[in-house]
Every structure is written in C-alpha cells, then in structure tokens.
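Participant: have a look; sequence and predicted model below, questions after that.
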Amino acid sequence: EIPPKSPDGSEKSPQSKELLPSNTASTLCISSRSESVWTSASRSKWDIYHKPVIVVSVGAAVFLFGMVITSLSCIQTKNKDVYKMCGPAFLSMGLMLLVCGLVWIPIIRKKQKQRQKSRFLQSLKSFFFN
C-alpha cells in the first residue's frame with residue numbers, strides 16, 4: 001500500500017499524521033462551559049455558592065483538626081514527633097482552603113453583578129434595535 005502524498009510532493013508517515021493538531025480540544029473547551037449565554041434561568045443561592053461553602057467548611061474542619069493535632073504534641077509524650085510534623089501541615093492546608101473559599105465568594109458576587117448588567121444591556125439593546 002502506498003501512503004498518500006502531500007501537495008508539496010513529500011511523503012508523510014502514519015506517525016506524522018497522528019501529530020497533526022486537531023480542533024477537538026478547543027471545541028471541547030468551548031462546549032464544556034458550565035453556563036451558556038443563552039440560558040437565563042435564575043438559580044438559587046445554594047446553586048451559586050455551594051462550591052465555595054463546601055471549600056470553606058472543609059478548610060475549617062481541616063484547620064481545627066490541625067489545631068487538635070498540634071495541641072496533642074504539647075500534651076502527649078508518646079508519638080510527639082509525629083504530632084509536631086502533622087499538626088502544622090493540617091493547619092496550613094486548612095488555612096489555605098479556608099482562605100481560598102473566602103476569597104471565592106466575593107469573586108462569584110462580582111461575576112453575578114456583571115452578568116446582571118450584561119443581561120440588562122442586552123435587553124436594552126434588543127428594545128431599541130428591534
């Protein structure tokens with residue numbers, strides 16, 4: 001079987017065909033967006049804020065667990081080195097999750113305000129131009 005030749009006359013191997021870029025990745029990224037511009041159904045507060053609330057809750061729980069583990073290193077004499085290593089690690093992970101969730105909430109609020117302004121401007125545009 002003879003492999004097909006390219007327009008410039010050079011032959012390409014089957015391996016080089018696999019390396020050609022495709023548009024499927026960009027198409028998937030565009031189609032995988034969670035919200036469409038065309039959907040205008042209002043969502044409840046829980047639907048909007050459930051992810052940051054869960055992150056804040058998990059972060060607070062991990063932070064409290066880190067506090068307990070760290071305090072155990074002061075009380076317990078057995079496995080003191082383990083408590084001294086694990087306690088600060090849980091403290092830092094919990095604090096990181098807690099701060100990320102708390103910063104996420106104002107970002108969502110700002111996006112909601114921008115989305116409302118955008119809908120208002122679209123309705124004005126459709127009113128005047130239609």
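Facilitator: Now that the structure is in, tell me what you want to look at.

Participant: low-confidence ranges in the chain?
Facilitator: Low-confidence segments of the chain, defined by pLDDT under 70: 1-41, 130.

Participant: so how many other residues sit close to V56?
Facilitator: 19 (other Cβ atoms under 10 Å). Any C-beta I mention is one placed from the backbone N, CA and C, and that applies to glycine too.

Participant: other SSEs contacting the helix or strand containing it?
Facilitator: V56 belongs to helix 45-75 when assigned by DSSP states H and E. Using 3 or more Cβ pairs under 8 Å, 6 or more residues apart in numbering; DSSP states H and E, the elements in contact with helix 45-75 are helix 80-129.

Participant: by contact count, what packs against the helix it packs on?
Facilitator: helix 45-75.

Participant: the helix it packs on to helix 80-129, inter-axis angle?
Facilitator: Here the directions of helix 45-75 and helix 80-129 differ by 160 degrees (axes from the mean of the first three to the mean of the last three Cα atoms, to 10 degrees).

Participant: in helix 45-75, what's buried?
Facilitator: 48-49, 52, 55-56, 59, 62-63, 65-66, 69-70, 72-73 (16 or more other Cβ atoms under 10 Å).

Participant: including distance to V82, could the residues you listed go into CSV?
Facilitator: Below are the buried residues of helix 45-75 laid out as CSV (distance: Cβ to Cβ, whole Å):
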residue, distance to V82
I48, 41
Y49, 37
P52, 32
V55, 27
V56, 28
G59, 23
V62, 17
F63, 19
F65, 14
G66, 13
I69, 9
T70, 12
L72, 9
S73, 8
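
Participant: of these, closest to F129?
Facilitator: Nearest to F129, judged by Cβ to Cβ, of the buried residues of helix 45-75 is I48 at 30.7 Å.
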